[in-house]
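Q: the following comprises the amino acid sequence and a computationally predicted model.
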Amino acid sequence: MKKSTPASVTVNRRAHFDYQLGEELTCGMSLTGQEVRLIRDHHVQLKGSFVTLRSRELWLNNLTLGADTARNVKLLATKKQIISLERARQNGMQLVPVRLLAGGRYIKLVIATGKSKKKYDKRETIKKRDIMRGNY
């Protein structure tokens, strides 16, 4: 039997623009049945959501499900992964949700460590994108 690759339900496009992304980590989510249904039906947004570390646990804050309901969801990761993310936070990195995967049986979130871009870096990104399109 061939394993299917997880399909992206939603992508946080703002993350690539606002942060210089580094190492990625895929972790599970602790969800209810209704939340799973909303995610599988693509009624979810990662816009404005962020990841925090509270008492050695990962939390996804401000996940928008359905009709404007912002939720906090616990993320499932190993202790070793959480410790490495804590070290990255101490070095000035942010934890950014990048995309939500829902292919197969489980729903997973891909988070990345990222460093905030300055305003001039964002302008440079826009300039490079326009050059690639041929608009410049």
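A: Looks like it arrived, so ask away.

Q: for the residue most central in space within the chain, give me phi and psi.
A: In the chain, the centroid-proximal residue (CA atoms, centre = their mean) is residue 97; its distance is 1.5 Å. Main-chain dihedrals, residue 97, degrees, to the nearest 10: phi -70, psi 130.

Q: that one and residue 60 touch, don't they?
A: Yes - Residue 97 is within contact range of residue 60, at 6.2 Å (criterion: CB atoms under 8 Å). Every C-beta, even on glycine, is put in place using the N, C-alpha and C of the backbone.

Q: give me the common contacts of those two.
A: Common neighbours of residue 97 and residue 60 are listed as 49-51, 109 (criterion: CB atoms under 8 Å, 6 or more residues apart in numbering).

Q: all strands for the chain, in order.
A: Remark: strands assigned in the chain by DSSP state E are 8-11, 19-29, 44-45, 50-54, 57-65, 69-76, 94-101, 108-116.

Q: count the neighbours of residue 42 for me.
A: By other CB atoms under 10 Å, the residues close to residue 42 number 11.

Q: need the nearest residue in space to it, chain neighbours excluded.
A: Sequence neighbours aside, residue 9 is the residue nearest to residue 42 in space, at 5.9 Å (criterion: CB to CB, 6 or more residues apart in numbering).

Q: so where's the protein uncertain?
A: 1-5, 135-136 (pLDDT under 70).

Q: longest helix in it, by residue count?
A: The longest helix of the chain (DSSP state H) is helix 119-133.

Q: return the list of helices and strands in contact with that one.
A: Counting contacts by 3 or more CB pairs under 8 Å, 6 or more residues apart in numbering; DSSP states H and E, the secondary-structure elements packed against helix 119-133 are helix 13-18.

Q: by contact count, what packs against the helix it packs on?
A: strand 94-101, strand 108-116, helix 119-133.

Q: list the buried residues of that helix.
A: Across helix 13-18, burial judged by 16 or more other CB atoms under 10 Å covers 15-16, 18.

Q: identify, from the residues you listed, the entry nearest to residue 114.
A: Using CB to CB, residue 15 comes nearest to residue 114 of the buried residues of helix 13-18, at 6.9 Å.
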